[in-house]
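Asks: Here is a sequence together with a model predicted from it:
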Amino acid sequence: MILSGDEIRRRLGQDINIDPFEPERLNPNSYNLTLHDELITYEEVVLDMAQPNRTRRLRIPKDGIVLAPQKLYLGRTVERTETHNCVPMIEGRSSIGRLGLFVHVTAGFGDVGFCGYWTLEMFAVQPIRIYPGVPICQIFYHEIAGTYSEYNSDKYQHNRDIQPSLLYRELNPGSDRRDPQLTLSFGNDGAQ
């Protein structure tokens with residue numbers, strides 16, 4: 001069962017935390033999350049699942065940035081969420097999808113107990129200008145039945161920033177490989 005907007009509001013501060021919370025972003029059965037002002041792109045020509053991949057950071061200026069097609073951009077929500085006793089999920093807004101922007105390529109499913117910012121895997125069908133602070137996706141909540149353990153991973157739990165894939169940690173347990181350093185590069189116009 002999906003929680004209604006009224007039920008989301010009722011559970012705020014208990015099972016559900018959304019920070020910051022703006023009442024006007026509450027929908028009949030979801031809440032609109034907004035886009036932070038930074039993106040990450042991968043610098044590798046071929047991405048390797050078993051290795052950390054180098055990334056580059058871009059800032060989205062107030063007048064927007066154009067996303068190029070056939071390129072993956074990682075972003076994050078402005079809002080930090082925390083969920084207990086329900087399963088959080090995000091979905092792109094229909095107004096965004098109708099412009100050909102996929103907001104989460106495959107990872108819209110959250111785990112009960114997740115705390116942090118949502119990393120967005122964004123992919124554009126054609127060039128599109130995006131802006132910081134735009135309501136980019138919506139979070140909704142499913143009730144959970146049966147016994148469960150809350151999500152408790154050192155990979156993505158309590159993240160503070162955009163999270164590139166950390167799959168290599170699963171494929172190389174006990175490895176002391178370091179995460180790649182992010183290079184700062186601030187684009188302000190044109191396809192990046």
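Replies: Great, that's in hand.

Asks: Tell me the spacing between the nearest residue to residue 152 once chain neighbours are set aside and residue 94.
Replies: Nearest residue to residue 152, sequence neighbours excluded (Cβ to Cβ, 6 or more residues apart in numbering): residue 113, at 6.7 Å. Where you see a C-beta, it was placed from the backbone N, CA and C, and this is true even at glycine. For residue 113, the distance to residue 94 (Cβ to Cβ, to the nearest Å) stands at 29 Å.

Asks: Tell me which of these two has more neighbours.
Replies: residue 113 (19 against 8; other Cβ atoms under 10 Å).

Asks: Doesn't that one belong to a helix?
Replies: No. Residue 113 is assigned coil when assessed by DSSP: H, G, I helix; E, B strand; the rest coil, not a helix.

Asks: residues contacting it?
Replies: By Cβ atoms under 8 Å, 6 or more residues apart in numbering, residue 113 lies in contact with 83, 84, 149, 150, 151, 152.

Asks: ok, now residue 148?
Replies: residue 112.

Asks: Quick check: pLDDT value at residue 161.
Replies: What the model reports as pLDDT for residue 161 is 89.

Asks: where along this structure do the helices fall?
Replies: Under the criterion DSSP state H, helices of the chain are mapped to 5-11, 94-97, 167-171.

Asks: Please identify the deepest-packed of the ones you listed.
Replies: Neighbour counts (mean count of other Cβ atoms under 10 Å) averaged over each of the helices of the chain peak at helix 5-11, with a mean of 16.
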